[in-house]
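# This is a predicted model, with the sequence first.
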Amino acid sequence: MVDETRDLYVFQHARTIFNFVRNSVEYARINPWPGEPPLIICESRSLAGVLYPLAQDYLCDIASTNGQCGGFLHTDLVPALADNDRIVLYLGDWDISGHQIENNTRSVLEKETGRWLDGTRIAITQEQIDERGIEPVWKKDGRYHPPKTHFAYETEALGQGEITRLVREPLDDLLLPVRLEDVKERERVQRVLMRKKFGRMIDPADQPEDEWPFKGQS
């Protein structure tokens with residue numbers, strides 16, 4: 001279970017800058033995309049939590065609108081789409097509120113960026129519902145007074161493994177002719193080379209102060 005409502009923030013640190021950079025070699029990544037990686041937008045935080053490991057693997061930015069919103073779209077997602085070639089993948093529920101949330105997200109982003117974002121929905125779709133015989137759930141929509149109820153097909157009904165597969169497949173197709181496995185192998189080789197390079201270097205902080213290479217410079 002993933003609890004997206006609570007976080008423990010742990011900040012990376014080291015005894016010296018040299019050690020910080022050397023330790024960071026293990027986490028350095030190579031961008032496999034020719035430009036900015038695709039942006040994955042999810043309707044709910046729980047869905048974003050399911051896809052976070054995949055997004056991290058493919059170095060894709062991922063965001064949750066957590067329902068219908070305005071400020072977050074303007075302050076965070078609009079700047080993220082400054083690159084007009086950036087691909088957007090969307091995941092949300094198939095119901096009245098889900099369509100309204102998607103339409104609001106699409107309308108704001110298209111208006112502010114001047115881009116056409118049609119055809120970006122990955123899940124859940126009517127075809128997926130029909131193919132898998134997914135049963136709807138009865139949902140109460142608290143945005144209305146009094147609350148309204150309606151049937152809804154939730155994306156989570158696809159299952160975590162299927163959701164991950166549905167996003168992984170288009171990402172692999174978009175990467176072609178590059179393969180993520182090949183990029184990871186390049187990362188591994190470069191990490192080995194960098195570890196060797198750092199192994200031959202001396203931490204400047206361990207040298208006498210009068211021998212510091214950048215002494216007196218700012």
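Sure, I can see it.
# tell me the contacts of Tyr52?
By C-beta atoms under 8 Å, 6 or more residues apart in numbering, the residues touching Tyr52 are Ile62. (Glycine included, C-beta is placed from N, CA and C.)
# In the strand or helix carrying it, which residues are buried?
Applying DSSP states H and E as the criterion places Tyr52 in helix 45-58. By 16 or more other C-beta atoms under 10 Å, the buried positions in helix 45-58 come out as Arg45, Ser46, Leu47, Ala48, Gly49, Val50, Leu51, Tyr52, Leu54, Ala55, Tyr58.
# before we move on, what about stretch 78-98?
80-81, 86-95, 97-98.
# Determine which two of those residues are furthest apart.
Across the buried residues of stretch 78-98, the longest distance by C-beta to C-beta is 27.9 Å; it joins Arg86 and Asp95.
# From Thr164, how far off is the closest residue to Ile87 other than its chain neighbours?
Nearest residue to Ile87, sequence neighbours excluded (C-beta to C-beta, 6 or more residues apart in numbering): Pro38, at 4.1 Å. Separation of Pro38 from Thr164 (C-beta to C-beta, to the nearest Å): 15 Å.
# out of these two, which sits in the busier spot?
Between Pro38 and Thr164, counted using other C-beta atoms under 10 Å, Pro38 has the larger neighbour count: 22 against 15.
# Go ahead and confirm the more buried one touches Leu89.
Yes - between Pro38 and Leu89 there is a contact under C-beta atoms under 8 Å: 5.8 Å.
# so where's the chain uncertain?
Of all residues in the chain, those with pLDDT under 70 make up the ranges 1-7, 118-119, 208-218.
# Give me the contact list for the longest helix seen in it.
Scanning the chain for the helix with the most residues, using DSSP state H, yields helix 180-199. Helix 180-199 has contacts (C-beta under 8 Å, 6+ apart) with Arg22, Val25, Glu26, Ala28, Arg29, Ile30, Pro32, Asp57, Tyr58, Asp172.
# Just say helix, strand or coil for the most centrally placed residue in the chain.
Most central in the chain under C-alpha atoms, centre = their mean is Ile62, positioned 2.4 Å from the mean C-alpha point. Here Ile62 is recorded as strand under DSSP: H, G, I helix; E, B strand; the rest coil.
# Could you pull up the residues touching it?
With contact set as C-beta under 8 Å, 6+ apart, Ile62 has these partners: Leu39, Ile40, Ile41, Cys42, Ala48, Leu51, Tyr52, Ala55.
# 10 Å instead, please
Taking C-beta atoms under 10 Å, 6 or more residues apart in numbering as the contact definition, Ile62 lies against 37-42, 47-49, 51-52, 54-56, 89, 91, 167.
# Any chance of the backbone angles for the residue nearest to Ile87?
Dihedral angles of Pro38 (phi, psi; degrees, to the nearest 10) stand at phi -60, psi 150.
# how about Ile30, what does it touch?
The contact partners of Ile30, by C-beta under 10 Å, 6+ apart, come to Leu59, Val183, Lys184, Arg186, Glu187, Gln190.
# Which members of those are the farthest-apart pair?
The largest separation in these, counting by C-beta to C-beta, is between Leu59 and Gln190 at 15.4 Å.
# still on that earlier bit, buried only: go through the contacts of helix 180-199 for me.
Members of those classed as buried by 16+ other C-beta under 10 Å are Arg22, Pro32, Tyr58.
# Spatially nearest residue to the last one (excluding sequence neighbours)?
Spelled out, it's Tyr58. Leu171 (5.2 Å).
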